[in-house]
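Asker: Next input, structure requested:
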Amino acid sequence: MPPSSPPLRRRTTMTSGNPYRSSSATSIKGCCCCIGLLFSFLALLSLAIILIIVLAIKPKKPKFDLQQVNIQYINFVATNTIDSPPSESVSLVIQMLFTAKNDNVAGIKYRDSRFTIMYRGVPLGRGTVQGFYQAAHSLKKVKTTVSIDRVNLLQADAVDLVNDVSVNDRVALRVMGDVSAKIRIIGITSPNVQVLIDCSLVISPSKQSLVSKQCGFDGLQV
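Answerer: You can find the predicted model right below:
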């Protein structure tokens with residue numbers, strides 16, 4: 001009797017994980033990539049449309065001009081001490097009238113603007129114009145009042161200021177400041193547009209009027 005052959009062993013191939021789960025993960029990754037590409041395309045398309053609109057509108061920087069300066073109150077008080085040279089303190093109330101002109105087809109949003117008033121290089125005080133919104137193709141007048149309370153001036157500057165007010169009726173001042181604004185186009189706000197203002201002016205205290213004015217403006221286009 002021939003010897004019996006050993007029983008055949010069945011080979012079983014073991015697979016790690018679920019093939020359906022692997023296929024689902026691959027599909028999810030593919031969908032995420034498609035969504036990411038879609039959003040990137042929409043963002044680039046929106047940016048291109050905005051650039052086209054901006055180039056078509058050609059936004060201009062705002063025109064912010066100082067129109068009038070009035071001295072509403074002025075007072076001098078002498079201050080003489082042993083440890084310091086003779087000086088005099090001055091108190092002033094100055095009102096400034098600005099005009100803002102918007103030549104754009106879009107509105108302009110102004111931020112708070114600050115100005116410094118100087119006499120012979122000595123800062124007397126600062127004024128603030130509150131931020132506001134200006135519609136397209138419009139002219140707006142804004143006022144600010146600067147109250148200067150007992151600013152000490154050296155005797156030489158104080159004497160000159162007293163003579164300018166009481167004798168010459170001509171006071172030379174310098175107004176410096178910056179205006180920050182943003183142009184709004186179809187609900188989209190542009191980067192800051194900075195306009196620097198430097199005005200040399202002469203006012204008449206008795207008439208409370210502006211005698212002469214020379215202003216320089218320097219701005220950055222959008």
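
Asker: could you pull out the strands for the protein?
Answerer: For the chain, strands defined by DSSP state E occupy the ranges 63-79, 87-102, 107-110, 113-119, 122-129, 133-134, 138-154, 171-185, 188-189, 193-204, 209-219.

Asker: Now do the fifth one against strand 171-185, angle only.
Answerer: Direction vectors for strand 122-129 and strand 171-185, defined by axes from the mean of the first three to the mean of the last three C-alpha atoms, to 10 degrees, enclose an angle of 30 degrees.

Asker: Now do the domain split for the protein, please.
Answerer: Residue ranges for the domains of the chain, per automatic domain parsing: 21-57, 63-219.

Asker: re earlier: could you dump the strands of the chain into TSV with distance to residue 33, mean neighbour count and mean pLDDT added?
Answerer: Any C-beta I mention is one placed from the backbone N, CA and C, and that applies to glycine too. Below are the strands of the chain laid out as TSV (distance: least, C-beta to C-beta, whole Å; neighbours: other C-beta atoms under 10 Å; pLDDT from 0 to 100):
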stretch	distance to residue 33	mean neighbour count	mean pLDDT
strand 63-79	50	16	78
strand 87-102	46	19	82
strand 107-110	39	20	87
strand 113-119	49	19	88
strand 122-129	52	16	85
strand 133-134	43	15	90
strand 138-154	49	15	83
strand 171-185	33	19	84
strand 188-189	29	12	68
strand 193-204	40	17	84
strand 209-219	45	13	75
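
Asker: Residue 45 is nearest to which of those strands?
Answerer: strand 188-189 (14.3 Å; C-beta to C-beta).
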